[in-house]
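> Here is the input, now give the coordinates:
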Amino acid sequence: MITPEPMTKVMVTSTKQLMPKVIEKLYELNVLHITEHSKSEELDIGAPEEEAENVAGLLVKIRAVKSLLNVNGTKADPKLIMKSHKKLSGLVDEVNGYIAERKHEIKKADDDIIVLLAEKERLGILKILNLPLHIFRDHKSIDFIAGRAKAIDIKVPHEIAEKEHNGSLYFAVFFRKEDENAVRASLKGLEEIRIKPYKGTPDQEMEKIEKNVARLENISSRASKDLADIKRNWDIFLKTNEVYLSERLEKLEAPLKFASTKNSLTASGFIPESKFEAVSNELNRYLRGRVVVEKINAGKGERIPVKLRNSRLVKPFEFFLGLYSLPSYNEIDPTFMLFITFPIFFGIMLGDVVYGAALLILFLYLKKKLPSAKGLLNSMTQASIFTIIFGLIFGEYLGFEKIGKFEFPHIISRVEGSISIAGNEVPAILVIGVLIGLVHVNIGFILGFINELKSHGLAKAINAKLSWILFELGLVLLVLSLLNAIPVHYLLGAIVMLSSVVMLYLGEGIQGPIELPTMFSNMLSYSRLGAVGLSSVYLALVVNEHFVLPLVEKGGIFILFAILIGTIGHAINLALGIIGPFLHSIRLHYVEFFSKFFHGSGLQYTPFGAEKTQEG
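All right, here's what the predicted structure looks like:
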């Protein structure tokens, strides 16, 4: 079984004057996972280079401009690096100012448009009421209210114009100023519209507003185009210099993680064991022997970073491990088991040739469109291939096991295949699922034995992990002897079971025996491999037998309806067929399988220089 790549702890020491060169070379080599030094009485921590503060400030400026433009950059172009920080800062400030001006223009124009459109709405109401605009002026003794209301019942002297329009009651009422409170109380559900004095007719004023809105929209559009031009022209430049400054800042601030004396700096951390000699030789060659590179022992309880080492074919399945946890150092990496069993579980559950072919085409297409999801899509591509394989085993094509008298060749029928258990007919696919669970769970116990053997020795490994398998063996002996299937006394099985419980208690404490029943529930949980698949089959059968085939038999235009309904029905079933098998396959690994051997909580190996993104 594969474990993470062996690591060795190293210490790299040089003078403070030479340390910038050491840092530069370590960054280029991209192998040292730096362990941050904690200040002690003997050793202080290093100080960042003086330039770090200016670089950090400039980096903040660039990221602020990127945020204003809402750009993420595509690929960086080393030709666009501007190493003069003063010039770069001035240029960024200039761009920032220009962006701020354009954004201010857009906001002001948009705000003014909102005000004008509200004014246009008010004029539209006055137009509905067909009132001259000059009457809406301030008077010494007369006031007015205009707007919408649900009901109007004014008792004081007044003049009113009202009209229903599109289900709303519009009005304008004029009254003595001292009667304002009484008038407002008489207007039920009032939505008042503030009206300012106008000179022309409603049509004339609305025309002026439309011209102003058009002018403001032109200003906003022109400013938006300017921003789009900036975004297009500056995107790669900003990305390039952000990457350059990020790398520069990482190097300048690296001494903060180092141990420091009056004249020297020491970087410590982990590198792959296989690369120690090459790294040591390269540093000594580059610095002409003025650097000390030595192996040291990791501290007790110190977390050693984890670097997985899977083949190109297996590597995509690290995606699923990343969703859960990395293995701890020296623990078995379960990625290979995911590579073997995840596609099989997915294929068993979906198990249809046409569905599998459709998913294969879909995932191959998405791989080209979504390179960032390459790991997941490569995994799902393999799962699609197993869906086709199991579709051939089950003889299922778009839910059909047979069409008319023709029956597709198959090894097992998920719908009709059954096994007799204690006189009861049980779907064979459910039994197969449980048997797969038996094998899968016990593989987990064997992997757990290997992990415990490496970590805590043989006795602990036997008591904590092999005791589970021994318990199963005892149970089998007990059952078979009681059924007279083997010439063995039932007490032998009982003794083996009791012994395994004692061993389990010694290995895992009281929690071990308490959790014995979970072993059986875990194995039964694998029946979902058949149950989820059967639900997909039955849904396909409903679409085929209750909708598609009856419509096809009617002929004519009904064939088109059959194709439409069949396409929609099977598309829904296929969507469910992606989600269900995916989630259940993951669950069987995370809950039923990993719990038998996997501790996780590994520290990701992140070498100094790993954030290089100049290439995009």
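> Okay, domains of the chain per the record?
What automatic domain parsing lists as the domains of the chain is 114-207, 317-596.
> Endpoints of the first one, how far apart?
Spelled out, that is domain 114-207. Domain 114-207 has an end-to-end distance of 16 Å (CA to CA, to the nearest Å).
> Can you give the distance from that domain to the centre of its chain?
Here domain 114-207 is found 55 Å from its chain centre; the criterion is CA atoms, centre = their mean, to the nearest Å.
> Ok, the last one next?
The offset between the C-alpha centroid of domain 317-596 and the centroid of the whole chain comes to 24 Å, using CA atoms, centre = their mean.
> Next, the buried residues of the helix or strand encompassing Ser500.
Under the criterion of DSSP states H and E, Ser500 resides in helix 490-508. Within helix 490-508, the residues scored as buried using 16 or more other CB atoms under 10 Å are Gly493, Val496, Met497, Ser500, Val501, Met503, Leu504, Tyr505, Gly507, Glu508. For the C-beta atoms, the positions are set from N, CA and C on the backbone; glycine is no exception.
> got the contact list for the third one?
By that I understand Met497. With contact set as CB atoms under 8 Å, 6 or more residues apart in numbering, Met497 has these partners: Phe471, Gly474, Leu475, Leu478.
> Please work out how many residues are found near Leu480.
A count of nearby residues for Leu480, using other CB atoms under 10 Å, gives 15.
> wouldn't it be in contact with His489 here?
No - with contacts counted by CB atoms under 8 Å, Leu480 stays clear of His489, the gap being 11.4 Å.
> which other residues reach stretch 25-39?
Contacts to stretch 25-39, defined as CB under 8 Å, 6+ apart, come from residues 7, 9-10, 12, 43, 45-46, 247, 250-251, 254, 257-259, 266-272, 275, 279, 282-283, 286-287, 302, 305, 605-610, 612.
> likewise stretch 134-152?
Contacting residues not belonging to stretch 134-152 are listed as 122, 125-126, 129, 160, 162, 168-177, 180, 183-184, 186-193, 195-199 [CB under 8 Å, 6+ apart].
> so what's the nearest residue to Thr201 once chain neighbours are set aside up against?
Once flanking residues are discounted, Thr201 sits nearest to Leu133: 6.6 Å by CB to CB, 6 or more residues apart in numbering. For Leu133, the contact set (CB under 8 Å, 6+ apart) comprises Leu126, Pro197, Tyr198, Lys199, Gly200, Thr201, Pro202, Glu205.
> CA atoms only: put stretch 316-327 into CSV for me.
Extracted in CSV, the C-alpha atoms of stretch 316-327 (Å, rounded to 0.1, in the frame of the first residue of the first chain):
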residue,chain,number,x,y,z
PRO,A,316,-7.7,12.6,-10.0
PHE,A,317,-9.2,10.7,-7.0
GLU,A,318,-7.2,12.8,-4.6
PHE,A,319,-10.0,15.3,-5.1
PHE,A,320,-12.3,13.1,-2.9
LEU,A,321,-9.6,12.8,-0.3
GLY,A,322,-9.3,16.6,-0.3
LEU,A,323,-12.9,16.9,0.6
TYR,A,324,-12.3,14.7,3.6
SER,A,325,-8.8,14.9,5.0
LEU,A,326,-5.2,14.2,4.1
PRO,A,327,-3.7,11.0,5.6
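> Buried by neighbour count: which residues of that stretch qualify?
Pro316, Phe317, Glu318, Phe319, Phe320, Leu321, Leu326, Pro327.
> Quick one: mean pLDDT for that stretch?
For stretch 316-327, the mean pLDDT works out to 93.
> can I assume Leu529 is in contact with Val431?
No - assessed by CB under 8 Å, Leu529 is found out of contact with Val431, at 10.5 Å.
> So for the two, which sits in the more crowded spot?
Counted by other CB under 10 Å, Leu529 and Val431 do not tie: Leu529 has more neighbours, with 28 against 16.
> Report the backbone C-alpha coordinates of the helix or strand that contains that one in CSV.
Taking DSSP H and E as the criterion, Leu529 maps to helix 528-543. What follows is helix 528-543 as a C-alpha-only set of coordinates in CSV (Å, rounded to 0.1, in the frame of the first residue of the first chain):
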residue,chain,number,x,y,z
ARG,A,528,-27.8,0.9,-1.1
LEU,A,529,-25.6,-0.1,-4.1
GLY,A,530,-28.6,-2.2,-5.3
ALA,A,531,-31.4,0.0,-3.8
VAL,A,532,-30.3,3.2,-5.5
GLY,A,533,-29.9,1.3,-8.8
LEU,A,534,-33.3,-0.2,-8.6
SER,A,535,-35.0,3.2,-8.0
SER,A,536,-33.3,4.4,-11.1
VAL,A,537,-34.4,1.4,-13.1
TYR,A,538,-38.0,1.7,-11.9
LEU,A,539,-38.1,5.4,-12.8
ALA,A,540,-36.9,4.5,-16.3
LEU,A,541,-39.5,1.8,-16.6
VAL,A,542,-42.2,4.2,-15.6
VAL,A,543,-41.1,6.6,-18.4
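> Check which element follows that helix along the chain.
Counting by DSSP H and E, the next helix or strand C-terminal to helix 528-543 is helix 549-554.
> which residue ranges form the helices in the stretch 151-300 of the chain?
Under the criterion DSSP state H, counting those that start in this stretch, the stretch 151-300 of the chain contains helices at 180-186, 202-253, 276-286.
> can those helices go into TSV with extra columns for distance to Lys368, mean pLDDT and mean neighbour count?
Listed next are these as TSV, based on distance: least, CB to CB, whole Å; pLDDT from 0 to 100; neighbours: other CB atoms under 10 Å:
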stretch	distance to Lys368	mean pLDDT	mean neighbour count
helix 180-186	67	91	15
helix 202-253	23	91	17
helix 276-286	37	95	15
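> Quick check: the residue nearest to Thr201 vs Ala358, distance?
Distance from Leu133 to Ala358, counting by CB to CB, to the nearest Å: 66 Å.
> can you pull the contacts of Pro409?
Pro409 neighbours (CB under 8 Å, 6+ apart): Gly395.
> So which of the contacts of Met497 is the closest to His599?
Using CB to CB, Phe471 comes nearest to His599 of the contacts of Met497, at 21.8 Å.
> Quick check: closest non-adjacent residue to that closest one.
Per CB to CB, 6+ apart, closest to Phe471 is Ser500, 3.8 Å.
> Would you mind measuring from the one you found to Met519?
From Ser500 across to Met519, the span is 11 Å (CB to CB).
> For those two, list the residues in contact with both.
Counting by CB under 8 Å, 6+ apart, the contacts common to Ser500 and Met519 are Trp468, Phe471.
> all helices of the stretch 401-550 of the chain, in order?
For the stretch 401-550 of the chain, the helices defined by DSSP H, counting those that start in this stretch occupy 428-456, 458-461, 467-482, 490-508, 511-514, 516-525, 528-543, 549-554.
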